[in-house]
Structures are given as structure tokens and as C-alpha cells.
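Trainee: Sequence first, then the predicted structure, then my questions.
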Amino acid sequence: MPEPFKKDLPFDEFIYKLKKELEYHRNGETVYRQQTAKMALDVALTVRKVTPFLNPVKVKKTVDGYFPSHGNHRKNDVAKMLRVIARSIYLERTVPEEVNEYVNKKVKNKVVLK
């Protein structure tokens, strides 16, 4: 789990990424995935912060509180979507630029094995 973040991560970026995820799932994904993305966006718009979604225990409890009648599989999927997107924003803000450049270089020069 990441160290506590001193100030909150940008909520508008979090919402943007969740909406982008929802749009992605609306274009050819299953109804289940579309509903999961919509539920994740709804929870985020209610909580209005990003950092609570970095902690796997907190995000699970939060999702449980919003959707008590849904099955565990669904709640786990919603929690995971929130956590993955929050973590990606956290990493974008905390990983040194040199590491990002190195990774991008490696990805760009990736050899495809046949």
C-alpha cells in the first residue's frame, strides 16, 4: 500500500478517468462491465476524494456501504476498478520522471516473440 499522500490527488482527473472507462465499456463490452463502471463512478462522485480508494480495505468497506444488496463479486469488481484507477493517478504523481522515461523506452523497443 502506498504511503499516505500529503495532499489529496486531483479528483477531476479521477472522475475523467472513470468516465473514460465507462465510455470504453459502453463501446462493445458486456452490460455487466458497463454497470460496474457506472457504479464505480457513482461511488466516486459521492465520496469526492481519491485517496480513500488507495487503501484496499477502505475501498471495499466504502463499496459495501453503497451497495449492501449486491453480491460480493460485483462489489469486488467495483472496488477493484476504483482502486486501480486511483493507484494509476497516485503512481503518475509519485514515480520519478526517469523511471517513466525508462519504462516508456522499454515499451517502445519491445520485441514481439512469435
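Mentor: That came through, no problem. Computed from a predicted model, the values in this text were never measured in an experiment.

Trainee: what are the ranges of the helices in this protein?
Mentor: Ranges of helices within the chain are 11-26, 31-47, 56-66, 72-94, 97-108, based on DSSP state H.

Trainee: got the ones you listed as TSV, with mean pLDDT and mean neighbour count columns?
Mentor: Heads up, the C-betas are built off the backbone N, CA and C, glycines and all. As requested, the helices of the chain are exported to TSV (pLDDT from 0 to 100; neighbours: other C-beta atoms under 10 Å):
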stretch	mean pLDDT	mean neighbour count
helix 11-26	96	16
helix 31-47	96	18
helix 56-66	96	16
helix 72-94	94	17
helix 97-108	80	10
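
Trainee: Need the contact partners of stretch 9-18.
Mentor: Residues from elsewhere that reach stretch 9-18 (C-beta atoms under 8 Å, 6 or more residues apart in numbering): 37, 40-41, 44-45, 48-51, 53, 81-82, 85-86, 88-90, 93.

Trainee: The same query, at a cut-off of 6 Å, please.
Mentor: Ala40, Leu41, Ala44, Val50, Ile85, Ile89 (C-beta atoms under 6 Å, 6 or more residues apart in numbering).

Trainee: would you put the C-alpha positions of that stretch in PDB?
Mentor: The C-alpha trace of stretch 9-18 is given here as PDB (Å, rounded to 0.1, in the frame of the first residue of the first chain):
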ATOM      1  CA  LEU A   9      -4.900  13.600  -5.600                       C
ATOM      2  CA  PRO A  10      -6.800  15.500  -8.300                       C
ATOM      3  CA  PHE A  11     -10.400  14.500  -8.100                       C
ATOM      4  CA  ASP A  12     -11.300  15.900 -11.500                       C
ATOM      5  CA  GLU A  13      -8.700  13.600 -13.100                       C
ATOM      6  CA  PHE A  14     -10.100  10.600 -11.200                       C
ATOM      7  CA  ILE A  15     -13.600  11.400 -12.500                       C
ATOM      8  CA  TYR A  16     -12.300  11.900 -16.000                       C
ATOM      9  CA  LYS A  17     -10.600   8.500 -16.000                       C
ATOM     10  CA  LEU A  18     -13.700   6.800 -14.600                       C
END
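
Trainee: distance between it and the chain's centre?
Mentor: Taking C-alpha atoms, centre = their mean, to the nearest Å, one finds stretch 9-18 lying 9 Å from the centre of the chain it belongs to.
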